[in-house]
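1. Need coordinates for the below:
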Amino acid sequence: MNRISKIFQPLLIIPKNAVVRNQDLTSKSQRLMMECGLIRPSGNGSFFILPILQRSVEKLVGIIDHHMQKIDCQKITMPTLTSADLWKMSGRFEDAQSELLIVKDRHEKLHLLSPTHEESITSLLASIAGTSYRLFPLKFYQITSKFRDEMKPRFGLIRAKEFLMKDLYTFDCDLESAKISYETVNEQYKNLFDYLEIPYVKIEADTGLMGGNISHEYHILTSIGEDHIVQCKKCNKAVNKELLNEKQLICDECVPEDIEQHEGIEIGHTFVLEDKYTKALNATYLSKKGKPEILQMGCYGIGVTRLIAASIERFSTESEIRWPIPIAPFKLCIIPPKEGSKEQEKVKDLMEEIDNFLKSKEKSLRDDVVIDDRTQITIGKRLMHTKRLGIPFIIVIGSKAAEEINPTVELHDLNQNIVHELSITDALNKVMSQIKTYEIV
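-> Numbers count the residues shown, from 1 in each chain. Here you go, the predicted model:
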């Protein structure tokens, strides 16, 4: 069983009267993750992901893998270093240079620490001659670190110089097929975000430096969001404000009274790129007539670490983390009595019952349980720590568990803000049934 005492979790204790500079902790999610020992800065705009948060990252990666593979996406790994020559061929090198981290090798060749991989994946397709039209569509994705030379990194993992991202690239034989691939991926994004139970908004967006003619963004609405979203309450349509003129409305039926403005954190972005990259790098396929034709392309991103941080920003209170349940680092914490208390001796049989119950469950369920075995600390302090960490379900084995008749434990459901008094068997069954609903099938 996972034990709190064995987990590396360096808490950041900030004295009540301490003066904290604004630039140090610029968002609620950053402050909570720092204080709870989930991240530590390693430099300006880069962070160590510590063991508890790493569990959430790996859960989210598994969920993304599942949803991508359901639509026949193939997972690959592309080189972190991309030749600057490829970016010059696509025309992006000069325009994006201010945000690129550029390195020079011993032969004076320029390479990028890639912020994205459109040129890289297209060069792969271009290097393989004679790929038949029968093989398309092709959908390649990876989940890797990306790099961007942010002028002012802020909000912790929300805007960092190094971050984890899922990027997906689709290749089709014609534009109509590329748009079908686009709709397929966007529908799967909807399924993914719905599964995470994240309140997101999908909006029309500018294609910008990426190119193409169709683009959508996915946002979590929160006050620290840097994107300004204009939404109509009547038709529910939403766009990035940068797409609108000063007095332009979203659609013909909208009136000014229907328009709302929100701030959002972008967690996903999708594009139909058409042939911007494939034409520049000469990525072709063999048509039915046996002639080479230029491929059509789409690209799709999800900020993995940003999504986690943005979710914490949206769901949490000022003093306690709250998670989307599927990516909570643990789903259940068990808090036994304090060492030396009168309850400790009386609940030995109950602790053995818990152990046997968990052993009877499959590993995936058992691995989502952690016991706070720091029994030298009072139940109250351990409960406060667990609630601050945001573990969704907590079973507290207190004085009522030691009663002779109808012993009960406290089951805290943090996301619902409810406390149940139940027998230990009922409490465990209730939690396990909840956990099971989030299994990926």
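
2. Return the helix-or-strand element of the chain with minimal mean pLDDT as CSV; C-alpha atoms alone will do.
-> Between all helices and strands in the chain, the lowest mean by mean pLDDT, DSSP states H and E belongs to helix 363-366, at a mean of 85. What follows is helix 363-366, C-alpha atoms only, in CSV (Å, rounded to 0.1, in the frame of the first residue of the first chain):
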residue,chain,number,x,y,z
LYS,A,363,-4.0,-3.5,-8.6
SER,A,364,-5.3,-0.3,-10.4
LEU,A,365,-7.8,0.2,-7.5
ARG,A,366,-5.3,-0.6,-4.8
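
3. Parallel or antiparallel, list what pairs with the helix or strand just after that helix.
-> Next helix or strand after helix 363-366 toward the C-terminus (DSSP states H and E): strand 369-371. When pairs are called by DSSP bridges, strand 369-371 turns out to pair with strand 2-3 (parallel), strand 332-335 (parallel).

4. Show me what the next helix-or-strand element following the shortest one packs onto, helices and strands only.
-> Stepping forward along the backbone from strand 2-3, the first helix or strand reached (DSSP H and E) is helix 28-35. Packing partners of helix 28-35 (3 or more C-beta pairs under 8 Å, 6 or more residues apart in numbering; DSSP states H and E): strand 39-43, helix 304-315. C-betas here are computed from N, CA, C, even on glycine.

5. among these, which is nearest Glu217?
-> When the helices and strands packed on helix 28-35 are compared by C-beta to C-beta, helix 304-315 sits nearest Glu217, at 12.5 Å.

6. What lies in contact with the closest one?
-> For helix 304-315, the surrounding residues in contact (C-beta atoms under 8 Å, 6 or more residues apart in numbering) are 27-30, 32-33, 49, 53, 56-57, 60-61, 64, 143, 155-160, 163-166, 196, 198-199, 220-222, 224, 265-268, 321-324, 327.

7. Kindly format the C-alpha coordinates of stretch 380-393 as CSV.
-> Extracted C-alpha coordinates of stretch 380-393, given in CSV (Å, rounded to 0.1, in the frame of the first residue of the first chain):
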residue,chain,number,x,y,z
GLY,A,380,-6.9,16.6,12.9
LYS,A,381,-3.5,17.7,11.4
ARG,A,382,-3.3,14.8,9.0
LEU,A,383,-6.9,15.4,7.9
MET,A,384,-6.0,19.1,7.3
HIS,A,385,-3.0,18.0,5.2
THR,A,386,-4.9,15.5,3.1
LYS,A,387,-7.7,18.0,2.4
ARG,A,388,-5.1,20.6,1.4
LEU,A,389,-3.6,18.1,-1.0
GLY,A,390,-7.1,17.5,-2.4
ILE,A,391,-7.3,13.7,-2.3
PRO,A,392,-11.0,13.4,-3.3
PHE,A,393,-12.0,10.7,-0.7
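
8. Name the residues of that stretch that come out as buried.
-> Within stretch 380-393, the residues scored as buried using 16 or more other C-beta atoms under 10 Å are Arg382, Leu383, His385, Thr386, Lys387, Arg388, Leu389, Gly390, Ile391, Pro392, Phe393.

9. contacts for it?
-> 32, 35-36, 52, 316, 319-323, 325, 328-333, 335, 370, 372, 374, 394, 396, 411-415, 431, 434.

10. Now, of the residues you listed, which are buried?
-> The buried subset of those - by 16+ other C-beta under 10 Å - is 32, 35-36, 52, 316, 320-323, 325, 328-333, 335, 370, 372, 374, 394, 396, 411-412, 414-415, 431, 434.

11. on that earlier part again, just put the strands paired with strand 369-371 in a markdown table and tack on mean pLDDT and distance to Cys299.
-> Below are the strands paired with strand 369-371 laid out as a markdown table (pLDDT from 0 to 100; distance: least, C-beta to C-beta, whole Å):
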| stretch | mean pLDDT | distance to Cys299 |
| --- | --- | --- |
| strand 2-3 | 95 | 38 |
| strand 332-335 | 97 | 39 |
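
12. Just send the ones you listed back as CSV, with distance to Asn240 too.
-> Compiled in CSV, the strands paired with strand 369-371 are given as follows (distance: least, C-beta to C-beta, whole Å):
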stretch, distance to Asn240
strand 2-3, 42
strand 332-335, 40
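
13. re the thing from before, which ones among the contacts of helix 304-315 map onto helices?
-> Lys28, Ser29, Gln30, Leu32, Met33, Leu53, Ser56, Val57, Leu60, Val61, Ile64, Leu196 (DSSP state H).

14. for the stretch 301-441 of the chain, which spans come out with low pLDDT?
-> For the stretch 301-441 of the chain, applying pLDDT under 70 flags the ranges 441.

15. And the strands in the stretch 51-200 of the chain, which stretches?
-> If DSSP state E, counting those that start in this stretch is used as the criterion, the strands of the stretch 51-200 of the chain fall at 74-75, 81-83, 101-104, 110-113, 138-147, 162-172, 200-204.
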